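Coordinates for the following, if possible.
(chains A and B)
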Amino acid sequence: MSLTLDAFQTLRGGLPVSAPITLSLAPGQGAALRGANGAGKSTLLRGLIGLAPSRGSAQLNGVSHQEPDRWLEQIAHTAHADAIKGALTVHENLAFWSRLYGGDPDRALHAFDLESLADRPAAACSAGQKRRLGLARLALAPRALWLLDEPTVSLDVAHTALFAEVLKSHLTNGGMALIATHIDLGLPLPPVEVAAPAPEAREDDPFLSGDWA
Amino acid sequence: MSPALALLGREVRLATRAGGGAGLGLAFFLIVVLMAPLGIGPDQALLGRVAPGIVWTAALLACLLSLDRMFQADLEDGTLDILALSPLPLELVVALKTLAHWLTTGLPLVVAAPVLALTLNLPDQALGLLTLSLLVGTPALSALGAIGAGLTVGLRRGGLLLSLLVLPLYVPTLIFGAQVTGYAARGLESGPPMLLLAGTTLLTLAIFPWVTAAALRINLR
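Modelled structure (predicted):
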């Protein structure tokens, strides 16, 4: 029961976006992805859910990332975009995801302090409130691995602490998390450096091989 | 409620709420068809002859109007990523979103068409078949449009390119659909063009989920 990445890296146009990453997480462990802007943290997280081309191997609880159905059913992902529809109320937004992923929307609303906003159209929510609604998807159904891309952006201090509590209880319940973040959540999250890749020539580069002339 | 029904219900709800654009296609259809007699003039025999073509062309354009937001809105707010990771296959997501598009755009045109055709002096005996041909043909318009919307989803101002891609594909549906109505208006047997129209729709419905899902996967990666 663990997550293992072995020389995993994402590709763009056939070339690596960042240096290969090797890490392993046991249940209850998390790691913080660190790196400069543009180092490839978000792309790495997208690569882990199959939305960016990648190479190397990734194993989660004995399932390879090349078996997308069984791989994805263990993962929850949040990105910069919160996947919220402004025309629906806060509760309607979350109720839809609960029908897709299972779980109880009211409990998730409670976990992220959104009960008082339940009937408000999501378009009328502030950036921080929308972010909490996006994160509330995590509290719907239990998933072994959380992949979080800058989860605390636009959250205030109190709600950053609330999010850290939710994350902590996910980890104490045996969950795992990979988090791209620049702030200290007050949790033991060992840093994983996402760095620029070593220069690499494409073997089939038409310019290098002179085929273009 | 099953996940598939939840997605369909949500799409219909989003389309019919403020800013969803469900009424837009119908309003455009009404205006184009009502403008035609003003431009052509009061020659009733001529109007009756061109009515099938006008109604069908207007239906095509009205369908096109709301296509460009079909997947683009979901791509921009991140919904498409989450849907691609959900237990629903992307092909089913595509089919359900297209069904919602037809329910909110195509179906209102089918209902409004016979009333509007009266203003174009379409002979009474053709009204039934005009409605039936639209009912059979408009699903193909939404399905072909979904392919175009999937291909252009990542592009800024993709709507224009979408029109250029999709309108040529609408030609068989336009020809057979207008022919069904035209034959009926002249009292001729309209079975053969109706079968060809139905065949075009069935072929489109059989392949579009896979084509569209493949195009979306390329754009997501």
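
Just give the closest residue to whichever residue of chain B sits closest to chain A, not the sequence neighbours.
Closest contact between chain B and chain A, by Cβ to the nearest Cβ, is at B:G78 (2.8 Å). C-betas here are computed from N, CA, C, even on glycine. Leaving out its chain neighbours, the residue that sits closest to B:G78 by Cβ to Cβ, 6 or more residues apart in numbering or on different chains is A:A81, at 2.8 Å.

Please give me every residue in contact with the residue nearest to A:Q29 when sequence neighbours are not counted.
Among residues not flanking A:Q29 along the chain, A:M176 sits closest, at 6.0 Å (Cβ to Cβ, 6+ apart). By Cβ atoms under 8 Å, 6 or more residues apart in numbering or on different chains, the contact set of A:M176 is A:S2, A:L3, A:L25, A:A26, A:P27, A:G28, A:Q29, A:G30, A:A144, A:L145, A:W146.

Restricted to buried residues, select those in ChimeraX.
Buried members of those can be picked out in ChimeraX with the line below, counting by 16 or more other Cβ atoms under 10 Å in any protein chain shown:
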select /A:3,25,29,30,144,145,146
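
which ones among the contacts of A:M176 are found in strands?
A:L3, A:L25, A:G30, A:L145, A:W146 (DSSP state E).

helix/strand/coil for B:L46?
Reducing the assignment at B:L46 to three states with DSSP: H, G, I helix; E, B strand; the rest coil gives helix.

now it: how far from A:A196?
71 Å (Cβ to Cβ, to the nearest Å).

go on, A:H77?
24 Å.

When these two are compared, which one has more neighbours?
Between A:H77 and A:A196, counted using other Cβ atoms under 10 Å in any protein chain shown, the more crowded position is A:H77 (23 against 14).

Is it correct that the more buried one is in contact with B:S86?
No - at 11.0 Å, A:H77 does not count as touching B:S86 under the criterion of Cβ atoms under 8 Å.

Other residues contacting the host helix or strand of B:S163?
For B:S163, the host element (DSSP states H and E) is helix B:158-169. Contact with helix B:158-169 is made by B:60, B:64, B:67-68, B:72, B:144-145, B:147-149, B:151-152, B:155, as judged by Cβ under 8 Å, 6+ apart.

Show me what counts as buried in the helix ranked longest in chain B.
In terms of residue count, the longest helix belonging to chain B (DSSP state H) is helix B:191-220. Neighbour-count burial for helix B:191-220, counted by 16+ other Cβ under 10 Å, picks out B:193-194, B:196-198, B:200-201, B:204-205, B:208-209, B:211-216, B:219-220.

Which ones among those residues also lie next to chain A?
Near chain A, judged by Cβ under 8 Å from any Cβ of the partner chain, the entries from the buried residues of helix B:191-220 are B:L220.

Flag every buried residue along stretch B:178-191.
For stretch B:178-191, burial by neighbour count (16+ other Cβ under 10 Å) applies to B:A178, B:Q179, B:V180, B:T181, B:G182, B:Y183, B:A184, B:A185, B:S190.

List the residues that contact the first one.
Residues in contact with B:A178, defined by Cβ under 8 Å, 6+ apart, are B:P52, B:G53, B:W56.

Does the one helix or strand B:R13 maps to reach chain A?
B:R13 belongs to helix B:3-16 when assigned by DSSP H and E. Yes - using Cβ under 8 Å from any Cβ, helix B:3-16 comes into contact with chain A via B:P3, B:A6, B:L7, B:R10, B:R13, B:L14.

Could you tell me what pLDDT the model assigned to the last one?
According to the model's per-residue confidence, B:L14 sits at a pLDDT of 88.

Could you check how far it is from A:P121?
Taking Cβ to Cβ, one finds B:L14 at 12 Å from A:P121.

On the three-state scheme, the residue of chain A at minimum distance from chain B is what?
Distances between chain A and chain B by Cβ to the nearest Cβ are smallest at A:A81, namely 2.8 Å. The three-state label given to A:A81 by three-state DSSP is coil.

Now do the contacts for it.
B:E76, B:D77, B:G78, B:D81.

Count the residues that sit near A:D82.
A:D82, neighbours per other Cβ under 10 Å, totals 23.

ok so, going back, how about the helix holding B:R13: buried residues?
For helix B:3-16, by 16+ other Cβ under 10 Å, it's B:P3, B:A4, B:A6, B:L7, B:L8, B:R10, B:E11, B:V12, B:R13, B:L14, B:A15.

Would you mind listing the buried residues in the next helix-or-strand element following it?
Per DSSP H and E, the first helix or strand lying C-terminal to helix B:3-16 is helix B:22-40. Buried residues in helix B:22-40, defined by neighbour count with 16+ other Cβ under 10 Å: B:A22, B:G25, B:L26, B:F28, B:F29, B:L30, B:V32, B:V33, B:A36, B:P37.

I'd say the third one and B:P108 touch.
Yes - here B:L26 reaches B:P108: they are 4.4 Å apart, a contact under Cβ under 8 Å.

about what we covered before: give me the contacts around the helix holding B:R13.
A:85, A:87-88, A:92, A:96, A:99-100, B:1, B:20-22, B:66, B:83, B:86-88, B:92-93, B:96-97, B:99-101, B:103-104.
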